[in-house]
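Student: here is a sequence with its predicted model. Questions after.
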Amino acid sequence: MNTSADFERRQRFERLVPALHAVLYRYAAWLCRDPGIAEVVVQESLLRAWKSFDSLREDDAAKQWLLTIVRRENARYFERKNPDMVDIDELSPSQAAMIADTGEPDVDEIREAIYELEDDYREPLVLQVLMGYSTREIADHMGIKPGAVLTRLHRARLKLKAVIDASGCRVAARDSG
Amino acid sequence: MNCDEYRAAIAGDPAESFPGGAEHSPGCEDCRGYREELRALDECIARALAIDVPELRMPELPAVQAGDNVVRIKAPWSRFKSPPLWAGVAAAVALVALLVTRGPGSDVESRQLAEQIMAHMDHEQASRQVTSVPVSAQALGAVVDPKVSTMDPDIGLITYAMSCVINGNTVPHLVIQGERGPVTLILLPDETIDKAIRLSGVNVQGVILPVGSGSIAVIGEREDQLEEIGEIGRRLSETVHWNI
């Protein structure tokens, strides 16, 4: 065992992970819609990442690499446990915490609507809006064609817009200049 | 690009990075208004997606050997002097004599259950980490569904909680830190057995105990854990309840 190499490996891992933890957790939480399960998924993902950490050559690629691991780990989790359909009126305390009131009615409305989106629509939206992924990057990450990504994003936004319009909440449009 | 095409594209990509977008919008006030409406919606979506993040719990990172395989970190119990061999043997014999009246081979269903658990243990080696980091109450709550089963969460330091499929049923798979190493607990509310089943294999030493209409598996890795496994099994049997 090369102690120096091990020390450097740990240092690198412990520097990268805290910087990306919020991104990983939020991605996991919106994938599985349960903060408790998200914590488990992230923990398992970090262990897996550590075991194959040497395969990550460039630190710049860490975010995409870790998000891919989280995606696989989430799928692995649900391979074991086939979740029931979630009725928004019968959420567990852990699930309900995801859509707890923020004090901003428009945000609450949107968050609940995102929670209810189909997985196929919610995931690309999270990757685009929260992670800043391009259409091509989302397509590569999800293993689908760019056209399919755009279609899903288009439908997701129309659904959310319809919820906002129906609720009477208004998101302020910026000056178009 | 006409207005319909622009609006379809902008809803998928409000940054307007698609071909033809930047050429269409300057000349169409309605579409510019639609674009800004979507961008405002996106700001709201971004705020909604930014849920609170719990404190990072960095997992215990095992050391890596000169090869590329992961090895166990030095176990905290290694500071204890090893008990004499006879103590382990005596404990094992006592546990088996006390709990087991039929081996897994004497009943097809019991044997299948034992084989599934042994296979699962082999598959889930990564769960048996030595760590002092507990799983969160939320994570534990997500795995031990109170509609199905309840147990005393103070059974020990629970460091792993996962829902796993054993014999076609999704069941809680937990790991607690015992005095001599990690101990796996698997709650089996759907598995009725008449007698205890001894589990013994490579890195698997334990027992499946009947508890009411279900059963529990308590498993360590070495024979010198059997005494503690017996004690954990006894305590867990007293506190676990099936609610189905």
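Tutor: Looks like it arrived, so ask away.
Student: could you give the separation of stretch A:15-30 from the chain centroid?
Tutor: Relative to its chain's centre, stretch A:15-30 lies at 9 Å (CA atoms, centre = their mean, to the nearest Å).
Student: same question, stretch A:129-136
Tutor: Relative to its chain's centre, stretch A:129-136 lies at 11 Å (CA atoms, centre = their mean).
Student: what about it, average pLDDT?
Tutor: Stretch A:129-136 shows a mean pLDDT of 91.
Student: same question for that stretch: list its buried residues.
Tutor: Buried residues in stretch A:129-136, counted by 16 or more other CB atoms under 10 Å in any protein chain shown: A:Val129, A:Leu130, A:Met131, A:Tyr133, A:Thr135. From N, CA and C alone the C-beta is placed, and that goes for glycine too.
Student: those residues also near chain B: which ones?
Tutor: Under the cut-off given by CB under 8 Å from any CB of the partner chain, chain B has A:Val129, A:Leu130, A:Thr135 from the buried residues of stretch A:129-136 close to it.
Student: return the closest of those residues with respect to B:Ser200.
Tutor: Distance to B:Ser200 across these (CB to CB) is lowest for A:Leu130, with 48.7 Å.
Student: was I right about the closest one contacting B:Ala46?
Tutor: Yes. Taking CB atoms under 8 Å as the definition, A:Leu130 is a contact partner of B:Ala46 at 6.6 Å.
Student: and chain A, what are its domains?
Tutor: Using automatic domain parsing, the domains assigned to chain A come out as A:1-85, A:101-170.
Student: any idea how far the first one is from the chain center?
Tutor: Averaged C-alpha coordinates place domain A:1-85 at 12 Å from its chain's average position (CA atoms, centre = their mean).
Student: ends of stretch B:144-162, what's the gap?
Tutor: Start and end residues of stretch B:144-162 are separated by 9 Å (CA to CA, to the nearest Å).
Student: for it, which positions count as buried?
Tutor: When burial is assessed from 16+ other CB under 10 Å, stretch B:144-162 yields the following buried residues: B:Val144, B:Asp145, B:Val148, B:Ser149, B:Met151, B:Ile155, B:Gly156, B:Ile158, B:Thr159, B:Tyr160, B:Ala161, B:Met162.
Student: where is pLDDT lowest across these?
Tutor: Lowest pLDDT within these is found at B:Val148 (78).
Student: measure that one to chain A for me?
Tutor: As judged by CB to the nearest CB, to the nearest Å, B:Val148 and chain A stand 12 Å apart.
Student: surely that residue is in contact with B:His241?
Tutor: No. Between B:Val148 and B:His241 there is no contact under CB under 8 Å: 10.0 Å.
Student: so which residues of chain B form strands?
Tutor: Secondary structure of chain B (DSSP state E): strands at B:149-150, B:158-166, B:169-178, B:181-188, B:197-201, B:204-211, B:214-220, B:241-242.
Student: in which helix or strand does the most centrally placed residue in chain A reside?
Tutor: With distances taken as CA atoms, centre = their mean, A:Tyr27 lies nearest the centre of chain A, 1.7 Å away. Using DSSP states H and E, A:Tyr27 sits in helix A:3-32.
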